[in-house]
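*Asks:* Provide a 3D model corresponding to the input given below.
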Amino acid sequence: MTETVILRSAPTHALGPDRLRALRDLLDGAFGGDFSDEDWDHGLGGLHVWIEDERRLPVAHGALVMRRVLHRGRSHRIGYVEGVAVRAGLRRRGLGGRVMAELERAIDGAYAFGALSASDEGAALYAARGWRLWPGRIATLGPRGIVRLPDEEDSTYLRPAAGRPLPDPDEPLVFDWRDGDVL
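*Replies:* The predicted model follows:
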């Protein structure tokens with residue numbers, strides 16, 4: 001790949017079947033087959049940011065969807081980052097950072113704060129960009145009530161929206177329910 005790359009963004013409904021397939025193929029490849037249909041579904045319905053090479057093939061991607069989080073008696077509208085990936089062989093060149101910068105700009109303009117669940121490989125990118133590992137408890141409001149998710153408590157990162165504080169870590173974050181991995 002040459003250095004010619006184009007940053008693009010669009011809501012899911014504007015992508016069309018060919019672009020959606022190309023983005024899904026990128027994610028399947030980047031996650032080595034560990035990207036499920038539920039994972040794909042979690043990133044749909046919001047904003048997609050991707051980078052194309054000179055052949056118009058996606059080489060990096062991230063999505064931002066709205067989620068609800070209960071915290072200290074309030075329901076917060078947050079921007080949840082999904083499906084951040086860079087094609088193998090092109091990592092560590094700033095492409096993921098360019099995608100994240102656009103997603104963070106959307107968080108700043110529309111949400112109380114941003115959240116994501118980081119893989120071990122992705123955690124350094126988020127920490128370097130000012131995302132903070134959540135030190136508190138994580139739960140979900142499921143069909144049977146509130147369920148604690150201790151396995152998510154060492155991989156959930158938050159980012160305050162511009163000029164807004166982060167939640168109080170002494171109180172849990174209770175995420176909305178969804179199929180597959182909740183976070």
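
*Asks:* all helices for this structure, in order.
*Replies:* 16-30, 37-42, 95-110, 123-128 (DSSP state H).

*Asks:* okay, these, which one's buried deepest?
*Replies:* With neighbours taken as mean count of other CB atoms under 10 Å, the helices of the chain reach their highest mean count in helix 95-110, at a mean of 19. All C-beta atoms are positioned from the backbone trio N, CA, C, and that covers glycine.

*Asks:* With just CA atoms, put it into CSV.
*Replies:* Coordinates of each C-alpha in helix 95-110 appear next as CSV, following Å, rounded to 0.1, in the frame of the first residue of the first chain:
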residue,chain,number,x,y,z
LEU,A,95,-4.4,4.6,11.1
GLY,A,96,-6.2,3.4,14.3
GLY,A,97,-5.4,6.8,15.8
ARG,A,98,-7.0,8.6,12.9
VAL,A,99,-10.1,6.5,13.1
MET,A,100,-10.3,7.1,16.9
ALA,A,101,-9.8,10.9,16.6
GLU,A,102,-13.0,11.0,14.4
LEU,A,103,-15.0,8.8,16.8
GLU,A,104,-13.8,10.9,19.8
ARG,A,105,-14.9,14.1,18.0
ALA,A,106,-18.4,12.5,17.7
ILE,A,107,-18.4,11.6,21.4
ASP,A,108,-17.5,15.1,22.3
GLY,A,109,-20.4,16.5,20.3
ALA,A,110,-23.1,14.1,21.2
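
*Asks:* now it: how far from the chain's centre is it?
*Replies:* 10 Å (CA atoms, centre = their mean, to the nearest Å).

*Asks:* Then stretch 87-103?
*Replies:* Computed by CA atoms, centre = their mean, the chain-centroid distance of stretch 87-103 equals 13 Å.

*Asks:* Find the centremost residue of the protein, please.
*Replies:* Residue closest to the mean C-alpha point of the chain, counted by CA atoms, centre = their mean, is Val81 at 1.6 Å.

*Asks:* partners of the closest residue to that one other than its chain neighbours in the sheet?
*Replies:* With sequence-adjacent residues excluded and distances taken as CB to CB, 6 or more residues apart in numbering, Val81 is closest to Leu116, at 3.9 Å. Leu116 forms beta bridges with Tyr157, as assigned by DSSP bridges.

*Asks:* what about Leu116, how many neighbours?
*Replies:* Neighbours of Leu116 under the rule other CB atoms under 10 Å: 24.
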